[in-house]
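Visitor: Here is the input, now give the coordinates:
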Amino acid sequence: MKFNRQYRLLIQEKVGSSNSIEVQAVQNKSLTIQFDVVRDTGSSANNMTLRIYNLNHTNRSLIFQDRVAIQSTDKGKVYKKIVLQAGYDNLSTIFVGNILEAYSYKQGADIITYIRAQDGGFSIYNTYSSFSLQKGVNNLQLYQRLIKDMTENGLAQGVTAPIVGSPKRAIVIAGNTWDCLQNSFNKLVFIDLEAINYLEENQGIIAQVPFIDSSAGLLGTPRRSGATIIVEMIFEPRIIVGQLIELSSITDLFFNGQFKVSGVQHVGIISSAVGGELKTVLQLYIGSKALSPIATSNVLTF
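Guide: Numbers count the residues shown, from 1 in each chain. Presented below is the predicted three-dimensional model:
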């Protein structure tokens, strides 16, 4: 049953610092948080906006981040890692990234700390590659060489579907690494939870929540929007981007079947003081080919 919302928030002041901020929902003593997390398989960075109510002055000062500082080569000063876990009896990681900007303001009786964060944003902005590969290397080798530069700037290697084929000529790479990855691999590379993944359109990850129906929290009737099906459900933090799910709706059987999660949005509030809506919105990819499972995902912890 989906009761007793909880969260755990960790913010590292800067790389190499012993100062960290942890806010945790324990024994109904948590601070109120309101968040909007958007993750997808697109080429842009996943993002989160977060509001923390009535954080103390010391922690507000540690969190502060100037928006323009993200484009810097001094990672030790500007990279502030943020991890948000949420759930019920067990917590799942719903966002990992770096703070893009953070500031506090007063609203009525409350002091609200606003945080905007990106998943892999620092590495996307600040990683550049310059190398050449002789004719005869394959596409997998090119992929591995590019993500090597990204992983040296704070990211991990995630799920990698089989990469086949070889370039027809020698390769010369010079420029922003993320742009080079997207251009070289048809925008099938995405970052989620600070890990770089490669999936073909018809490939999906085996994950914790394989079946979605009313008993799993399905709300209302799924609807189609272009090449995707939009599904709303009671907050489900275990769903990950790129996974396969089986949808079963009793109100519209037309949408029932197996799909790939191309986007996840978690939006709402967790608080011991006030009530509020908390839900998950899924974008399910309608493909033209049969879906193929390729890997099993692990739950991240910190």
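Visitor: Tell me where the stretch 151-300 of the chain has strands.
Guide: 156-160, 171-176, 189-192, 195-198, 203-206, 211-212, 218-225, 228-234, 244-247, 257-270, 278-285, 292-296 (DSSP state E, counting those that start in this stretch).
Visitor: what sits up against the fifth one?
Guide: To tie it back to what came earlier, the one meant is strand 203-206. Identification of contacts with strand 203-206 by Cβ atoms under 8 Å, 6 or more residues apart in numbering yields 159, 161, 199, 240, 242-244, 260-261, 291-297. Glycine gets a C-beta too; all of them are placed from N, C-alpha and C.
Visitor: Turn the strands of the stretch 151-300 of the chain into CSV, columns for mean neighbour count.
Guide: Supplementary listing: those in CSV, determined by neighbours: other Cβ atoms under 10 Å:
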stretch, mean neighbour count
strand 156-160, 18
strand 171-176, 14
strand 189-192, 26
strand 195-198, 21
strand 203-206, 20
strand 211-212, 18
strand 218-225, 14
strand 228-234, 18
strand 244-247, 18
strand 257-270, 20
strand 278-285, 20
strand 292-296, 15
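Visitor: Tell me which of these lies nearest to residue 109.
Guide: Of all those, strand 257-270 sits nearest to residue 109, with 17.0 Å by Cβ to Cβ.
Visitor: Just give me how far stretch 215-225 sits from the chain centre.
Guide: 22 Å (Cα atoms, centre = their mean, to the nearest Å).
Visitor: Show me what counts as buried in the lengthiest strand in the chain.
Guide: Assignment by DSSP state E gives strand 91-107 as the longest strand of the chain. By neighbour count on 16 or more other Cβ atoms under 10 Å, the buried set for strand 91-107 is 91-102, 104.
Visitor: Run the chain-centre distance for the helix or strand that comes right after it.
Guide: Remark: after strand 91-107, the chain's next helix or strand is strand 110-119, criterion DSSP states H and E. In terms of Cα atoms, centre = their mean, the centre of strand 110-119 is set 16 Å apart from its chain centre.
Visitor: Please work out the average pLDDT along strand 110-119.
Guide: For strand 110-119, the mean per-residue pLDDT is 95.
Visitor: strand partners of it, parallel vs antiparallel please.
Guide: Applying DSSP bridges, strand 110-119 is found paired with strand 46-53 (antiparallel), strand 91-107 (antiparallel).
Visitor: quick one: the last one to strand 278-285, angle?
Guide: What that stands for is strand 91-107. 120 degrees (axes from the mean of the first three to the mean of the last three Cα atoms, to 10 degrees).
Visitor: do the same with the first one
Guide: Taking the same axes, to 10 degrees, one finds that strand 46-53 is oriented at 170 degrees with respect to strand 278-285.
Visitor: what about residue 125, which helix or strand?
Guide: Residue-wise, residue 125 maps onto helix 121-126 under DSSP H and E.
Visitor: pull the CA atoms of that helix into PDB?
Guide: The C-alpha coordinates for helix 121-126 follow below in PDB (Å, rounded to 0.1, in the frame of the first residue of the first chain):
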ATOM      1  CA  GLY A 121      24.700  18.900 -16.200                       C
ATOM      2  CA  PHE A 122      28.300  19.700 -15.100                       C
ATOM      3  CA  SER A 123      29.800  17.000 -17.300                       C
ATOM      4  CA  ILE A 124      27.600  18.000 -20.300                       C
ATOM      5  CA  TYR A 125      28.700  21.600 -20.000                       C
ATOM      6  CA  ASN A 126      32.400  21.100 -19.200                       C
END
